[in-house]
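Participant: got a structure for you, letters missing:
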């Protein structure tokens, strides 16, 4: 598994935003990732599925490598 530098930066930026509230000072980066993935999983079973998969396709196209 690998994450791009920009992915790590985004995760950290979200983590900084969350932990700026003292109530969430004990949050870890993995908490942010788990929440984001659970939200994505939930939304993939809604009417947003097509939109989300189109965004995923755009993201994949940026890294275009043959399968």
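Facilitator: Arrived safely. Everything numeric in this text was worked out from a predicted model, so none of it was measured. Numbers count the residues shown, from 1 in each chain.

Participant: so the spatially most central residue of the chain is in which element?
Facilitator: Centre of the chain computed as the mean C-alpha position; nearest residue by Cα atoms, centre = their mean is residue 36, 5.2 Å away. Using DSSP states H and E, residue 36 sits within helix 29-43.

Participant: what angle sits between the helix or strand following that helix and helix 29-43?
Facilitator: Later in the chain than helix 29-43, the nearest helix or strand by DSSP H and E is helix 49-62. Calculated by axes from the mean of the first three to the mean of the last three Cα atoms, to 10 degrees, helix 49-62 forms an angle of 130 degrees with helix 29-43.

Participant: packing partners of helix 49-62?
Facilitator: Applying 3 or more Cβ pairs under 8 Å, 6 or more residues apart in numbering; DSSP states H and E, one finds that helix 49-62 contacts helix 29-43. In this view, the C-beta of every residue, glycine as well, is placed from N, C-alpha and C.

Participant: who does the helix it packs on touch, helix- and strand-wise?
Facilitator: When contacts are defined as 3+ Cβ pairs under 8 Å, 6+ apart, helix 29-43 sits against helix 5-19, helix 49-62.

Participant: of the ones you listed, which shows the lowest average pLDDT?
Facilitator: The weakest mean pLDDT among those belongs to helix 49-62, with a mean of 94.

Participant: tell me the buried residues in it?
Facilitator: Residues of helix 49-62 include none that count as buried (16 or more other Cβ atoms under 10 Å).

Participant: please work out which residues outside that helix touch it.
Facilitator: 40, 43-44 (Cβ atoms under 8 Å, 6 or more residues apart in numbering).

Participant: how close does residue 38 get to residue 5?
Facilitator: 24 Å (Cβ to Cβ, to the nearest Å).

Participant: same question, residue 17
Facilitator: Counting by Cβ to Cβ, the gap from residue 17 to residue 5 is 19 Å.

Participant: of these two, who's got more company?
Facilitator: residue 17 (11 against 7; other Cβ atoms under 10 Å).

Participant: on that earlier part again, name the nearest residue to the residue nearest to the centre of the chain, ignoring sequence neighbours.
Facilitator: Of all residues not flanking residue 36 in the chain, residue 14 sits nearest, at 7.8 Å (Cβ to Cβ, 6 or more residues apart in numbering).
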